[in-house]
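Student: Below: sequence and its predicted model.
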Amino acid sequence: MPVKNIDKARGSDTGRPIMVLLDMLGKRWTLRIMWELRDHPLTFRDLQKQCGDISPTTLNNRLRELRDLQILDHGSGGYGYTALGAELGTQMTILDIWSNKWAKNLAKDQA
């Protein structure tokens, strides 16, 4: 089912939700922003500091895009996950666990 009211994914004209999501997550800084917000909301300045050398313009753009997709929201405590964003954050944590197992396996094979 195509996602309405948002741009189609780069390299895909289907508008399928998975393609739109992967396109958004593949944009520079998106995953880092999502990762830094995994434990609690952060203000713009705190988020910028946590992300290292991200420019304010890029951070603003990514935050706007993630808010438009209803993954993030802005409240009194700063930027944080929506309910759907929190579900995505949980999936990212699962991928983090898997990637650590994968890295250990690769390290064993190279030793």
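Tutor: That came through fine.

Student: buried sites along the longest helix that the chain contains?
Tutor: The longest helix of the chain (DSSP state H) is helix 83-110. Buried residues in helix 83-110, defined by neighbour count with 16 or more other C-beta atoms under 10 Å: Gly85, Leu88, Gly89. In this view, the C-beta of every residue, glycine as well, is placed from N, C-alpha and C.

Student: any chance of those in JSON lines, with pLDDT and distance to Ala103 too?
Tutor: Formatted as JSON lines, those follow (pLDDT from 0 to 100; distance: C-beta to C-beta, whole Å):
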{"residue": "Gly85", "pLDDT": "96", "distance to Ala103": "26"}
{"residue": "Leu88", "pLDDT": "96", "distance to Ala103": "22"}
{"residue": "Gly89", "pLDDT": "94", "distance to Ala103": "21"}
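
Student: if we can go back for a sec, elements contacting the longest helix of the chain?
Tutor: When contacts are defined as 3 or more C-beta pairs under 8 Å, 6 or more residues apart in numbering; DSSP states H and E, helix 83-110 packs onto helix 30-36.

Student: pLDDT on the helix it packs on, on average?
Tutor: What helix 30-36 shows for mean pLDDT is 96.
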